[in-house]
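A.B. asks: got a sequence here, can you model it:
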Amino acid sequence: MKIGIIGAGYVGSATAFSLIMTSVAHKVILVDLNEKKAQAEAMDIAHAAPFASAGKIKAGNYTDLQGCEIVIITAGANQKPGETRLDLLSRNVKIFENIIPQVVANAPDSILLIATNPVDIMTKVALKLSGFAKTRVIGSGTVLDTARFRNLLGLYLGASTKSVHADVLGEHGDSEVLIWSSAEAGTLSLEEYAAQAGKELDEHIKSEITDGVVNAAYKIIDGKGATYYGIAGAITHICRAISNNEYAILTVSSEHDDVLGVNQVCMSLPTVINRQGVYRVIKPKISEKEEKLLRISAQKISDFSQNL
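C.D. replies: Reported below is the predicted structural model:
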């Protein structure tokens, strides 16, 4: 699969490295305004490729995106310490107004995969600017947040992350909703599994885990200035699902006609992903409290989207 990446910063270069080293992409085109930076990143990654795959990577321009099946957008202003993802909105909309038309002109049949924050609103921006079908414009959404949730649950319960099934839905941001009510480990509810494992799973523990998920990005940014490995892994996971036609269920962001009464909003729900992009959106099983929080999250995203 040939994949283009717009943006050779921390996220774009980490994603390129991940795609090549996992053999998800046989060719990666790295595009950035700073051509010297893109060329250096491509050269560095190319030197690692022989240790893992036969994939090829090169720095290029928008015309080199021809034939790309997926174009990943990571370009945008960096989130600063203390700044929310929504604070980035006005700056990143202007950046997309330059990028998206050039991607459409050169890769009109591609799937757009948006990772620029605030990702839900930027997915809506990309959908509007591209004119693509909503099945072909996907945001990375809460795929990373879901991984963080499962990781913390697995560590606490003493179970493999891959054996824990729990989702984060809604906004990739402060209003995201951790779905505790239908979460499972080994076919058991979390409470049942915790009881057998001799672990408490009270509101205090849940609150600590929730904080670890929702505020993870802020803690990482405070410590090293940016997050990139986790999101690179999430993007690679999405690309693999598309490339392999997996029909995998992932918590990506896409536009929904109606989410609990909120219309035309991009946000994360359980979504079946295949070679064409979004195949089907699943109505999640959630509690009344979680439903209320999810509606609030959808409305928050919608309110900001109205200003586009």
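A.B. asks: measure the most centrally placed residue in the chain to Gly82 for me?
C.D. replies: Of all residues in the chain, the one closest to the mean position by CA atoms, centre = their mean is Ser140, 1.9 Å from it. Per CB to CB, to the nearest Å, Ser140 is found 23 Å from Gly82. To be clear about C-beta, it is placed using only N, CA and C from the backbone, and glycine gets the same treatment.
A.B. asks: now do Ser182
C.D. replies: Ser182 is 34 Å from Gly82, by CB to CB.
A.B. asks: which one's more surrounded, the two?
C.D. replies: Ser182 (15 against 9; other CB atoms under 10 Å).
A.B. asks: OK, contacts around the more buried one?
C.D. replies: Pro284, Lys285, Ile286 (CB atoms under 8 Å, 6 or more residues apart in numbering).
A.B. asks: next: Ser297.
C.D. replies: Leu169, Gly170, Glu171, Ser175, Glu176, Val177, Met267.
A.B. asks: out of the residues you listed, who's the most crowded?
C.D. replies: Tallying neighbours with other CB under 10 Å puts Met267 at the head of these, with 34 neighbours.
A.B. asks: are we agreed that it is in a helix?
C.D. replies: No: according to DSSP: H, G, I helix; E, B strand; the rest coil, Met267 belongs to no helix; its state is strand.
A.B. asks: run through the bridge partners of it.
C.D. replies: Ser254 (DSSP bridges).
A.B. asks: pretty sure it contacts Val168?
C.D. replies: No: using CB atoms under 8 Å, Met267 is not in contact with Val168; the gap is 11.2 Å.
A.B. asks: so which of the contacts of Ser297 sit within strands?
C.D. replies: Leu169, Val177, Met267 (DSSP state E).
A.B. asks: could you dump those residues to JSON lines with distance to Ile235?
C.D. replies: Shown next, in JSON lines, are the ones in strands among the contacts of Ser297 (distance: CB to CB, whole Å):
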{"residue": "Leu169", "distance to Ile235": "19"}
{"residue": "Val177", "distance to Ile235": "22"}
{"residue": "Met267", "distance to Ile235": "18"}
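A.B. asks: now a PyMOL select for only the buried ones of the contacts of Ser182.
C.D. replies: This is how PyMOL selects the buried members of these, with burial counted by 16 or more other CB atoms under 10 Å:
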select buried, resi 284+286
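A.B. asks: mind giving me JSON lines with the contacts of Ser182 and columns for secondary structure, distance to Ser189 and pLDDT?
C.D. replies: Below are the contacts of Ser182 laid out as JSON lines (DSSP: H, G, I helix; E, B strand; the rest coil; distance: CB to CB, whole Å; pLDDT from 0 to 100):
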{"residue": "Pro284", "secondary structure": "coil", "distance to Ser189": "15", "pLDDT": "92"}
{"residue": "Lys285", "secondary structure": "coil", "distance to Ser189": "12", "pLDDT": "91"}
{"residue": "Ile286", "secondary structure": "coil", "distance to Ser189": "14", "pLDDT": "95"}
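A.B. asks: reformat the contacts of Ser182 as TSV; add distance to Pro108.
C.D. replies: Shown next, in TSV, are the contacts of Ser182 (distance: CB to CB, whole Å):
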residue	distance to Pro108
Pro284	33
Lys285	38
Ile286	37
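A.B. asks: looking at the contacts of Ser182, which one is closest to Val125?
C.D. replies: Nearest to Val125 among those is Pro284, at 25.4 Å by CB to CB.
A.B. asks: give me the spatial nearest neighbour of the residue nearest to the centre of the chain, chain neighbours excluded.
C.D. replies: Once flanking residues are discounted, Ser140 sits nearest to Ala115: 4.7 Å by CB to CB, 6 or more residues apart in numbering.
A.B. asks: the one you found: what's it in contact with?
C.D. replies: Contacts of Ala115 (CB under 8 Å, 6+ apart): Val11, Thr15, Ile72, Ile73, Thr74, Gly139, Ser140, Ile231, Ile235.
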